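**Q** have a look at this fold, sequence not included:
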(Lines give C-alpha, C1' and ligand atoms only; values in the text may rest on other atoms or scores of the structure.)
Protein backbone atom coordinates (compact mmCIF):
# COMPACT_ATOMS: atom_id res chain seq x y z
CA UNK A 1 0.00 0.00 0.00
CA UNK A 2 1.26 3.47 -0.93
CA UNK A 3 0.15 6.22 1.45
CA UNK A 4 0.28 10.01 1.00
CA UNK A 5 -0.05 12.06 4.20
CA UNK A 6 -0.94 15.76 4.10
CA UNK A 7 -0.38 17.64 7.35
CA UNK A 8 0.17 21.21 8.54
CA UNK A 9 2.46 20.03 11.36
CA UNK A 10 5.14 17.34 11.42
CA UNK A 11 8.38 16.49 13.22
CA UNK A 12 10.45 18.14 14.58
CA UNK A 13 7.38 20.10 15.82
CA UNK A 14 6.62 18.94 19.37
CA UNK A 15 2.82 18.98 19.51
CA UNK A 16 0.77 15.79 19.81
CA UNK A 17 -0.23 15.68 16.13
CA UNK A 18 3.35 15.99 14.86
CA UNK A 19 4.68 13.41 17.30
CA UNK A 20 1.92 10.92 16.47
CA UNK A 21 2.47 11.29 12.72
CA UNK A 22 6.24 10.86 13.14
CA UNK A 23 5.66 7.64 15.08
CA UNK A 24 3.26 6.51 12.38
CA UNK A 25 5.71 7.14 9.53
CA UNK A 26 8.41 5.30 11.53
CA UNK A 27 6.01 2.36 11.75
CA UNK A 28 5.30 2.51 8.00
CA UNK A 29 9.01 2.49 7.23
CA UNK A 30 9.76 -0.38 9.60
CA UNK A 31 6.95 -2.45 8.08
CA UNK A 32 7.76 -1.83 4.43
CA UNK A 33 4.94 0.55 3.47
CA UNK A 34 5.70 3.23 0.91
CA UNK A 35 4.67 6.72 1.97
CA UNK A 36 5.07 10.42 1.24
CA UNK A 37 4.52 13.28 3.68
CA UNK A 38 3.56 16.78 2.50
CA UNK A 39 4.19 19.25 5.32
CA UNK A 40 5.33 22.83 6.09
CA UNK A 41 8.88 23.84 6.82
CA UNK A 42 9.15 23.86 10.62
CA UNK A 43 10.29 26.77 12.80
CA UNK A 44 12.83 24.29 14.16
CA UNK A 45 15.28 22.46 11.93
CA UNK A 46 13.12 20.49 9.50
CA UNK A 47 13.73 16.85 8.69
CA UNK A 48 14.32 16.42 4.97
CA UNK A 49 14.22 13.09 3.16
CA UNK A 50 12.96 11.66 -0.09
CA UNK A 51 9.75 10.74 1.77
CA UNK A 52 9.03 14.26 3.08
CA UNK A 53 8.15 17.27 0.93
CA UNK A 54 8.35 20.65 2.71
CA UNK A 55 6.76 23.98 1.83
CA UNK A 56 7.24 27.59 2.99
CA UNK A 57 4.86 28.41 5.84
CA UNK A 58 3.51 31.02 8.26
CA UNK A 59 2.30 30.50 11.87
CA UNK A 60 -1.43 29.90 12.40
CA UNK A 61 -2.75 32.57 14.80
CA UNK A 62 -4.65 30.12 17.07
CA UNK A 63 -1.80 27.65 17.23
CA UNK A 64 1.61 28.96 16.03
CA UNK A 65 3.08 25.44 16.17
CA UNK A 66 0.60 24.50 13.40
CA UNK A 67 1.78 26.21 10.24
CA UNK A 68 -0.16 27.66 7.30
CA UNK A 69 1.89 26.44 4.37
CA UNK A 70 2.08 27.77 0.83
CA UNK A 71 2.27 24.51 -1.13
CA UNK A 72 3.57 24.41 -4.69
CA UNK A 73 0.47 22.87 -6.28
CA UNK A 74 2.17 21.77 -9.51
CA UNK A 75 4.96 20.14 -7.55
CA UNK A 76 2.43 18.28 -5.38
CA UNK A 77 0.47 17.09 -8.41
CA UNK A 78 3.63 15.89 -10.17
CA UNK A 79 4.76 13.97 -7.07
CA UNK A 80 1.34 12.34 -6.63
CA UNK A 81 1.27 11.28 -10.28
CA UNK A 82 4.77 9.85 -9.94
CA UNK A 83 4.20 8.16 -6.56
CA UNK A 84 0.65 6.93 -7.39
CA UNK A 85 -0.68 6.61 -3.81
CA UNK A 86 -3.43 4.12 -3.06
CA UNK A 87 -4.84 6.45 -0.43
CA UNK A 88 -4.50 10.04 0.83
CA UNK A 89 -4.69 10.79 4.56
CA UNK A 90 -5.30 14.45 5.46
CA UNK A 91 -4.35 15.06 9.08
CA UNK A 92 -5.21 18.77 9.35
CA UNK A 93 -7.85 21.02 7.72
CA UNK A 94 -5.61 23.93 6.71
CA UNK A 95 -3.61 24.71 3.56
CA UNK A 96 -1.73 21.43 3.20
CA UNK A 97 -4.88 19.48 4.08
CA UNK A 98 -6.83 21.48 1.48
CA UNK A 99 -4.16 20.67 -1.08
CA UNK A 100 -4.54 16.95 -0.33
CA UNK A 101 -8.34 17.22 -0.52
CA UNK A 102 -8.13 19.03 -3.87
CA UNK A 103 -5.92 16.42 -5.53
CA UNK A 104 -7.80 13.48 -4.02
CA UNK A 105 -10.91 14.80 -5.82
CA UNK A 106 -9.07 15.77 -9.00
CA UNK A 107 -7.13 12.52 -9.38
CA UNK A 108 -9.82 10.22 -7.99
CA UNK A 109 -7.73 8.98 -5.07
CA UNK A 110 -9.60 7.58 -2.03
CA UNK A 111 -9.24 9.98 0.90
CA UNK A 112 -9.50 9.61 4.67
CA UNK A 113 -8.67 12.08 7.41
CA UNK A 114 -8.11 12.54 11.11
CA UNK A 115 -9.51 15.05 13.58
CA UNK A 116 -6.84 15.88 16.15
CA UNK A 117 -7.53 19.34 17.55
CA UNK A 118 -10.70 20.89 18.93
CA UNK A 119 -10.22 24.37 17.48
CA UNK A 120 -13.79 25.30 18.42
CA UNK A 121 -12.81 25.24 22.11
CA UNK A 122 -9.65 27.20 21.34
CA UNK A 123 -11.77 30.09 20.01
CA UNK A 124 -13.16 30.74 23.51
CA UNK A 125 -9.68 31.24 24.99
CA UNK A 126 -8.71 33.80 22.33
CA UNK A 127 -12.04 35.72 22.31
CA UNK A 128 -12.96 34.47 18.84
CA UNK A 129 -16.02 32.44 19.95
CA UNK A 130 -18.19 34.43 17.50
CA UNK A 131 -16.43 32.49 14.70
CA UNK A 132 -17.69 29.14 15.98
CA UNK A 133 -20.54 28.74 13.44
CA UNK A 134 -18.26 29.63 10.54
CA UNK A 135 -15.63 27.16 11.79
CA UNK A 136 -18.10 24.27 12.05
CA UNK A 137 -19.54 25.06 8.61
CA UNK A 138 -16.04 24.87 7.16
CA UNK A 139 -15.21 21.67 9.07
CA UNK A 140 -18.35 20.00 7.69
CA UNK A 141 -17.42 21.03 4.15
CA UNK A 142 -13.82 19.86 4.54
CA UNK A 143 -14.66 16.45 6.05
CA UNK A 144 -17.68 15.59 3.88
CA UNK A 145 -15.68 13.91 1.03
CA UNK A 146 -13.64 11.76 3.45
CA UNK A 147 -14.44 8.06 3.43
CA UNK A 148 -13.48 7.82 7.09
CA UNK A 149 -12.71 10.37 9.80
CA UNK A 150 -10.37 9.08 12.50
CA UNK A 151 -10.75 10.55 15.99
CA UNK A 152 -8.54 9.83 19.02
CA UNK A 153 -11.17 9.16 21.68
CA UNK A 154 -14.79 8.16 22.34
CA UNK A 155 -15.45 11.59 23.76
CA UNK A 156 -14.41 13.28 20.49
CA UNK A 157 -16.38 10.74 18.46
CA UNK A 158 -19.58 11.50 20.40
CA UNK A 159 -18.97 15.25 20.12
CA UNK A 160 -18.63 15.06 16.33
CA UNK A 161 -21.67 12.79 16.06
CA UNK A 162 -23.70 15.44 17.84
CA UNK A 163 -22.39 17.96 15.29
CA UNK A 164 -23.68 15.80 12.43
CA UNK A 165 -20.45 14.11 11.27
CA UNK A 166 -20.54 10.53 9.99
CA UNK A 167 -18.07 7.76 9.00
CA UNK A 168 -16.27 8.26 12.34
CA UNK A 169 -13.73 5.72 13.56
CA UNK A 170 -11.55 5.59 16.66
CA UNK A 171 -7.81 5.91 16.02
CA UNK A 172 -6.40 5.86 19.54
CA UNK A 173 -2.89 6.60 20.76
CA UNK A 174 -0.20 4.32 22.06
CA UNK A 175 2.77 4.89 24.33
CA UNK A 176 6.41 3.75 24.40
CA UNK A 177 6.61 1.81 27.65
CA UNK A 178 10.29 1.00 27.09
CA UNK A 179 11.28 4.67 27.18
CA UNK A 180 8.61 5.67 29.70
CA UNK A 181 8.78 3.66 32.91
CA UNK A 182 8.86 4.21 36.72
CA UNK A 183 12.46 3.15 37.31
CA UNK A 184 14.58 6.23 36.60
CA UNK A 185 16.92 7.36 39.39
CA UNK A 186 15.04 9.92 41.48
CA UNK A 187 18.11 11.05 43.45
CA UNK A 188 19.99 11.93 40.24
CA UNK A 189 16.95 13.81 38.96
CA UNK A 190 16.56 15.79 42.19
CA UNK A 191 20.26 16.67 42.13
CA UNK A 192 20.08 17.89 38.53
CA UNK A 193 17.19 20.26 39.23
CA UNK A 194 18.31 21.05 42.83
CA UNK A 195 15.00 19.88 44.28
CA UNK A 196 14.90 19.59 48.07
CA UNK A 197 11.14 19.54 48.65
CA UNK A 198 9.44 16.27 49.58
CA UNK A 199 7.08 16.06 46.59
CA UNK A 200 7.49 16.73 42.86
CA UNK A 201 4.47 17.75 40.79
CA UNK A 202 4.78 18.18 37.03
CA UNK A 203 2.99 19.54 33.98
CA UNK A 204 3.95 18.89 30.35
CA UNK A 205 2.33 20.76 27.47
CA UNK A 206 2.02 23.96 25.53
CA UNK A 207 2.05 27.04 27.77
CA UNK A 208 -0.98 28.77 26.31
CA UNK A 209 -4.48 29.86 27.39
CA UNK A 210 -6.34 26.90 25.84
CA UNK A 211 -4.39 24.52 28.11
CA UNK A 212 -5.91 26.42 31.06
CA UNK A 213 -2.52 27.32 32.50
CA UNK A 214 -4.43 30.00 34.46
CA UNK A 215 -5.87 27.23 36.65
CA UNK A 216 -2.47 25.53 36.81
CA UNK A 217 -0.83 28.66 38.20
CA UNK A 218 -3.67 29.21 40.68
CA UNK A 219 -3.12 25.67 41.96
CA UNK A 220 0.60 26.36 42.49
CA UNK A 221 -0.24 29.42 44.61
CA UNK A 222 -3.26 28.21 46.59
CA UNK A 223 -2.08 24.90 48.00
CA UNK A 224 -2.26 24.97 51.82
CA UNK A 225 1.05 26.13 53.34
CA UNK A 226 2.01 22.72 54.78
CA UNK A 227 1.64 21.19 51.28
CA UNK A 228 2.89 24.22 49.33
CA UNK A 229 6.20 24.33 51.21
CA UNK A 230 6.81 20.62 50.53
CA UNK A 231 6.06 20.71 46.78
CA UNK A 232 8.37 21.47 43.88
CA UNK A 233 6.79 22.02 40.46
CA UNK A 234 8.48 21.09 37.18
CA UNK A 235 6.74 22.71 34.20
CA UNK A 236 7.76 21.44 30.77
CA UNK A 237 6.94 23.24 27.54
CA UNK A 238 6.89 26.62 25.86
CA UNK A 239 4.32 28.97 24.40
CA UNK A 240 2.85 32.47 24.47
CA UNK A 241 2.02 32.37 28.20
CA UNK A 242 5.45 31.31 29.43
CA UNK A 243 6.82 34.78 30.14
CA UNK A 244 3.81 35.80 32.24
CA UNK A 245 3.87 32.47 34.09
CA UNK A 246 7.52 32.93 35.01
CA UNK A 247 6.87 36.48 36.15
CA UNK A 248 4.16 35.34 38.57
CA UNK A 249 5.76 32.08 39.70
CA UNK A 250 7.04 31.39 43.21
CA UNK A 251 10.51 29.99 43.92
CA UNK A 252 9.39 26.34 44.08
CA UNK A 253 8.77 26.16 40.30
CA UNK A 254 11.27 25.02 37.67
CA UNK A 255 10.48 25.93 34.06
CA UNK A 256 12.31 23.24 32.09
CA UNK A 257 11.44 24.47 28.57
CA UNK A 258 11.11 21.96 25.73
CA UNK A 259 12.33 18.54 26.86
CA UNK A 260 12.03 15.20 25.08
CA UNK A 261 13.36 11.65 25.01
CA UNK A 262 15.01 10.28 28.14
CA UNK A 263 15.07 13.67 29.89
CA UNK A 264 11.29 14.00 29.54
CA UNK A 265 10.82 10.38 30.64
CA UNK A 266 12.79 11.14 33.82
CA UNK A 267 10.53 14.08 34.65
CA UNK A 268 7.40 11.94 34.34
CA UNK A 269 8.97 9.07 36.27
CA UNK A 270 10.36 11.14 39.14
CA UNK A 271 7.14 13.09 39.71
CA UNK A 272 4.77 12.11 42.50
CA UNK A 273 1.79 13.49 40.58
CA UNK A 274 1.14 14.82 37.08
CA UNK A 275 -1.27 17.77 36.95
CA UNK A 276 -3.10 18.50 33.70
CA UNK A 277 -5.98 21.02 33.85
CA UNK A 278 -6.43 21.41 30.06
CA UNK A 279 -10.10 20.95 29.06
CA UNK A 280 -9.47 21.10 25.29
CA UNK A 281 -7.75 17.76 24.58
CA UNK A 282 -9.12 15.39 21.93
CA UNK A 283 -6.87 12.72 23.48
CA UNK A 284 -4.13 13.84 25.87
CA UNK A 285 -0.89 12.06 24.88
CA UNK A 286 1.00 13.48 27.86
CA UNK A 287 -1.52 11.95 30.26
CA UNK A 288 -0.87 8.48 28.84
CA UNK A 289 2.89 9.14 28.99
CA UNK A 290 2.66 10.03 32.68
CA UNK A 291 0.65 6.88 33.38
CA UNK A 292 3.26 4.77 31.57
CA UNK A 293 5.81 6.26 33.97
CA UNK A 294 3.81 5.03 36.95
CA UNK A 295 2.70 8.54 37.87
CA UNK A 296 -0.95 9.15 38.85
CA UNK A 297 -2.63 11.98 36.93
CA UNK A 298 -5.03 14.66 38.17
CA UNK A 299 -6.73 15.99 35.06
CA UNK A 300 -9.75 17.92 33.82
CA UNK A 301 -12.95 15.92 33.42
CA UNK A 302 -13.20 16.89 29.77
CA UNK A 303 -12.31 15.77 26.25
CA UNK A 304 -10.19 12.71 25.63
CA UNK A 305 -8.53 12.89 29.06
CA UNK A 306 -11.68 11.53 30.72
CA UNK A 307 -11.34 8.36 28.60
CA UNK A 308 -7.81 7.69 29.92
CA UNK A 309 -7.99 8.52 33.63
CA UNK A 310 -9.87 5.98 35.71
CA UNK A 311 -10.97 7.87 38.86
CA UNK A 312 -9.58 6.40 42.09
CA UNK A 313 -7.63 3.80 40.04
CA UNK A 314 -4.87 5.72 38.22
CA UNK A 315 -5.78 9.30 39.06
CA UNK A 316 -8.58 11.83 39.57
CA UNK A 317 -10.83 13.80 37.27
CA UNK A 318 -11.71 17.33 38.39
CA UNK A 319 -14.23 19.83 37.10
CA UNK A 320 -12.50 22.08 34.55
CA UNK A 321 -11.35 25.45 35.92
CA UNK A 322 -12.25 24.45 39.52
CA UNK A 323 -8.97 25.15 41.30
CA UNK A 324 -10.28 23.87 44.64
CA UNK A 325 -11.18 20.48 43.14
CA UNK A 326 -7.62 20.03 41.89
CA UNK A 327 -6.17 21.12 45.22
CA UNK A 328 -8.37 18.69 47.18
CA UNK A 329 -7.31 15.82 44.90
CA UNK A 330 -3.61 16.73 45.24
CA UNK A 331 -3.83 16.84 49.04
CA UNK A 332 -5.74 13.56 49.20
CA UNK A 333 -3.22 11.62 47.09
CA UNK A 334 -0.06 13.19 48.53
CA UNK A 335 -1.15 12.46 52.09
CA UNK A 336 -1.95 8.80 51.36
CA UNK A 337 1.26 7.05 50.28
CA UNK A 338 -0.46 3.65 49.98
CA UNK A 339 -3.12 5.07 47.65
CA UNK A 340 -0.52 6.91 45.57
CA UNK A 341 1.52 3.73 45.24
CA UNK A 342 -1.51 1.69 44.15
CA UNK A 343 -2.50 4.33 41.61
CA UNK A 344 1.03 4.34 40.19
CA UNK A 345 0.96 0.57 39.71
CA UNK A 346 -2.49 0.72 38.08
CA UNK A 347 -1.30 3.56 35.84
CA UNK A 348 1.62 1.49 34.56
CA UNK A 349 -0.56 -1.61 34.03
CA UNK A 350 -3.05 0.37 31.97
CA UNK A 351 -0.33 1.95 29.79
CA UNK A 352 1.20 -1.45 29.04
CA UNK A 353 -2.02 -2.36 27.18
CA UNK A 354 -1.74 0.68 24.87
CA UNK A 355 0.91 -0.27 22.29
CA UNK A 356 1.62 1.77 19.16
CA UNK A 357 1.88 -1.31 16.92
CA UNK A 358 -1.69 -2.35 17.73
CA UNK A 359 -2.91 1.21 17.10
CA UNK A 360 -1.20 1.47 13.70
CA UNK A 361 -2.19 -2.04 12.60
CA UNK A 362 -5.79 -1.04 13.24
CA UNK A 363 -5.38 2.11 11.15
CA UNK A 364 -3.98 0.15 8.18
CA UNK A 365 -7.00 -2.18 8.36
CA UNK A 366 -9.28 0.85 8.25
CA UNK A 367 -7.43 2.03 5.14
CA UNK A 368 -7.94 -1.36 3.49
CA UNK A 369 -11.64 -1.15 4.23
CA UNK A 370 -11.83 2.37 2.73
CA UNK A 371 -10.03 1.18 -0.42
CA UNK A 372 -12.72 -1.37 -1.22
CA UNK A 373 -15.03 1.33 -2.56
CA UNK A 374 -13.67 2.36 -5.97
CA UNK A 375 -10.84 2.28 -8.49
CA UNK A 376 -8.22 5.06 -8.59
CA UNK A 377 -7.46 7.05 -11.72
CA UNK A 378 -4.46 9.33 -12.30
CA UNK A 379 -5.39 12.17 -14.66
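**A** Thanks, I have it. What you see is a predicted model; the values in this text were computed from it and never measured.
**Q** what's the following helix or strand after the helix or strand of the chain with the lowest mean pLDDT?
**A** Using mean pLDDT, DSSP states H and E, the weakest-scoring helix or strand in the chain turns out to be helix 119-125, at a mean of 63. Downstream of helix 119-125, the first helix or strand assigned by DSSP states H and E is helix 132-143.
**Q** quote the end-to-end distance of stretch 283-299.
**A** 12 Å (Cα to Cα, to the nearest Å).
**Q** stretch 299-306 now?
**A** Chord length of stretch 299-306, first to last residue, is 8 Å (Cα to Cα).
**Q** burial check on residue 186, number of neighbours?
**A** Residue 186 has 16 neighbours, counted by other Cβ atoms under 10 Å. No exception for glycine: its C-beta is placed from N, CA and C like everyone else's.
**Q** what's the pLDDT at it?
**A** Residue 186 carries a pLDDT value of 97.
**Q** contacting residues for it?
**A** Residue 186 is in contact with 269, 270, counting by Cβ atoms under 8 Å, 6 or more residues apart in numbering.
**Q** which phi and psi does it have?
**A** phi -70, psi -30 (degrees, to the nearest 10).
**Q** check the gap between it and residue 294 for me.
**A** Counting by Cβ to Cβ, to the nearest Å, the gap from residue 186 to residue 294 is 12 Å.
**Q** now the common contact residues for the two.
**A** Residues touching both residue 186 and residue 294 (Cβ under 8 Å, 6+ apart) are residue 269.
**Q** can you tell me how far residue 240 sits from residue 115?
**A** 24 Å.
**Q** do residue 347 as well
**A** Counting by Cβ to Cβ - residue 347 and residue 115 are separated by 27 Å.
**Q** residue 327 too?
**A** 33 Å.
**Q** more neighbours: which of these two?
**A** residue 115 (24 against 19).
**Q** isn't that one up against residue 159?
**A** No - at 9.5 Å, residue 115 does not count as touching residue 159 under the criterion of Cβ atoms under 8 Å.
**Q** now for residue 199, how many residues are close by?
**A** By other Cβ under 10 Å, the residues close to residue 199 number 17.
**Q** how about residue 316?
**A** Around residue 316 there are 23 other residues, counting by other Cβ under 10 Å.
**Q** touching, it and residue 329? I think so.
**A** Yes - between residue 316 and residue 329 there is a contact at 4.0 Å, judged by Cβ under 8 Å.
**Q** joint contacts of those two?
**A** Contact with both residue 316 and residue 329 is made by residues residue 298, according to Cβ under 8 Å, 6+ apart.
**Q** domain parsing of this structure, as residue ranges.
**A** For the chain, the structural domains run 2-174+356-371, 186-352, going by automatic domain parsing.
**Q** show the residue spans covered by the helices in the stretch 251-379 of the chain.
**A** 261-270, 285-292, 323-334, 337-352, 356-371 (DSSP state H, counting those that start in this stretch).
**Q** name the residues of the third one that are buried.
**A** Of the residues in helix 323-334, those with enough neighbours to count as buried (16 or more other Cβ atoms under 10 Å) are 323, 325, 326, 327, 329, 330, 333, 334.
**Q** which of these sits closest to residue 178?
**A** residue 333 (26.7 Å; Cβ to Cβ).
**Q** my read: the closest one touches residue 295, true?
**A** No - Residue 333 lies out of contact with residue 295 (Cβ under 8 Å); the separation is 10.7 Å.
**Q** okay, and the common contacts of these two?
**A** The contact sets of residue 333 and residue 295 overlap at residue 273 (Cβ under 8 Å, 6+ apart).
**Q** any low-confidence regions in the stretch 251-379 of the chain?
**A** Applying pLDDT under 70 to the stretch 251-379 of the chain picks out residues 373-379.
**Q** list the contacts of the closest residue to residue 256 other than its chain neighbours.
**A** Distances taken as Cβ to Cβ, 6 or more residues apart in numbering place residue 236 nearest to residue 256, at 4.8 Å, with adjacent residues excluded. For residue 236, the contacting residues are 202, 203, 204, 205, 256, 257, 258, 259, 264, 267, by Cβ under 8 Å, 6+ apart.
**Q** try it again with 7 Å
**A** Applying Cβ atoms under 7 Å, 6 or more residues apart in numbering, we find residue 236 in contact with 202, 203, 204, 256, 259, 264, 267.
**Q** now residue 71
**A** Taking Cβ under 7 Å, 6+ apart as the criterion, residue 71 is in contact with 38, 55, 95, 96, 99.
**Q** again, only this time at 10 Å
**A** Neighbour list for residue 71: 6, 38-40, 53-57, 95-96, 98-100, 102 [criterion: Cβ atoms under 10 Å, 6 or more residues apart in numbering].
**Q** one step back: out of the domains of the chain, flag the one nearest residue 180.
**A** Closest among those, once you apply Cβ to Cβ, is domain 186-352, at 3.9 Å.
**Q** and that closest one, how far out from the chain's middle?
**A** Put simply, domain 186-352 sits 16 Å off its chain's centre (Cα atoms, centre = their mean, to the nearest Å).
**Q** same question for stretch 349-363.
**A** 16 Å.
**Q** hmm, who's touching that stretch?
**A** Stretch 349-363 is contacted from outside by 3, 20, 23-24, 26-28, 30-31, 33, 89, 112, 114, 148, 150, 152, 169-177, 180-181, 288-294, 308-310, 313-314, using Cβ under 10 Å, 6+ apart.
**Q** just the buried ones out of those residues, please.
**A** 3, 20, 23-24, 27-28, 33, 89, 112, 114, 148, 150, 152, 169, 171-175, 177, 180-181, 288-294, 308-310, 314.
**Q** need the contact list for the closest residue in space to residue 77 that isn't next to it in sequence.
**A** What sits nearest to residue 77 in space, not counting adjacent residues and going by Cβ to Cβ, 6+ apart, is residue 103, at 6.1 Å. By Cβ under 10 Å, 6+ apart, the contact list for residue 103 reads 4, 6, 38, 73, 76-77, 79-81, 85, 88, 109, 111, 379.
**Q** the same query, at a cut-off of 7 Å, please.
**A** Each residue near residue 103 by Cβ under 7 Å, 6+ apart is listed here: 76, 77, 80.
**Q** thank you, goodbye.
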